[in-house]
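Peer 1: Mind folding the following:
(chains A and B)
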Amino acid sequence: SQELEQSPQSLIVQEGKNLTINCTSSKTLYGLYWYKQKYGEGLIFLMMLQKGGEEKSHEKITAKLDEKKQQSSLHITASQPSHAGIYLCGADTNTGTASKLTFGTGTRLQVTL
Amino acid sequence: ETGVTQTPRHLVMGMTNKKSLKCEQHLGHNAMYWYKQSAKKPLELMFVYNFKEQTENNSVPSRFSPECPNSSHLFLHLHTLQPEDSALYLCASSRQRLAGGFYNEQFFGPGTRLTVL
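Peer 2: Okay, the predicted model is just below:
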């Protein structure tokens, strides 16, 4: 089965600083998703990456999938308190018509003033 | 954010109780999912339904019984649960993915926080 390891497990950064979260897979990634979760709530979809070398950005968040498709990174530029939460990477392990996601353990981000 | 709704948001039950969790999606999706999120463990997929048919049961104990009467509604019936079943239960939905097509993101509900006493 596919396993996803995220690092770091938790992160505290000062407002305005940049940060990077990594997601490493034990197998090739065919569909890699990034989600954000506020404590005790549902997941909010951020981005999805498919192709090796692909990079996507939304506002101040950029996600990349490396060429070998076994690692993804999420980079936040000039962090704000609104970025605080738990970031989860998920990999699609199914090729059928319904996706089947395996998730990493998450990275808890705190942004201090 | 109101595309996938879950009720109740919080539930406390005894080990001998029977209760049900409800999920409803208003996005026109055909696939629905139940996940379990326990403290300090990765989010775990429990069940997958595609066009009302169960396509995945991830070795879930029989005290959890899913039901999908139509593509918009998904239930999780609970009976004789154990304290270790206390967790956040999340429902999600997605579009059907065509063969060889792009992967589709899943949209999540806010979850039901379940406590088993």
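
Peer 1: Which strand or helix spans the residue nearest the centre of chain B?
Peer 2: Centroid-nearest residue in chain B, with C-alpha atoms, centre = their mean: residue B:34, separated by 2.3 Å. Using DSSP states H and E, residue B:34 falls within strand B:31-37.

Peer 1: Contacts for that strand, please.
Peer 2: The contact list for strand B:31-37 (C-beta atoms under 8 Å, 6 or more residues apart in numbering or on different chains) reads A:97-99, B:23, B:25, B:43-51, B:66, B:68, B:71, B:74, B:76, B:87-96, B:106, B:111. (Each C-beta comes from the backbone N, C-alpha and C, glycine too.)

Peer 1: let's go with 6 Å and repeat that
Peer 2: A:98, B:43-50, B:74, B:76, B:87-90, B:92-94 (C-beta atoms under 6 Å, 6 or more residues apart in numbering or on different chains).

Peer 1: residue contacts, residue A:110?
Peer 2: A:12, A:84.

Peer 1: Next, it: secondary structure please.
Peer 2: strand (DSSP: H, G, I helix; E, B strand; the rest coil).

Peer 1: Which ones among the contacts of strand B:31-37 map onto strands?
Peer 2: B:44-50, B:74, B:76, B:87-90, B:92-94 (DSSP state E).

Peer 1: one step back: what about the residue nearest to the centre of chain B, distance to residue B:61?
Peer 2: Distance of residue B:34 to residue B:61, given as C-beta to C-beta, to the nearest Å: 13 Å.

Peer 1: Could you list the low-pLDDT ranges of chain B?
Peer 2: Within chain B, the stretches with pLDDT under 70 are B:1-2, B:97-103.

Peer 1: Please repeat the previous calculation with a cut-off of 80.
Peer 2: B:1-2, B:40, B:96-104 (pLDDT under 80).

Peer 1: Mind listing the strands the strand holding residue B:34 pairs with, and their directions?
Peer 2: Each strand paired with strand B:31-37, and its direction, by DSSP bridges: strand B:44-50 (antiparallel), strand B:87-94 (antiparallel).

Peer 1: Does residue A:21 lie in a helix or a strand, and which?
Peer 2: For residue A:21, the host element (DSSP H and E) is strand A:19-25.
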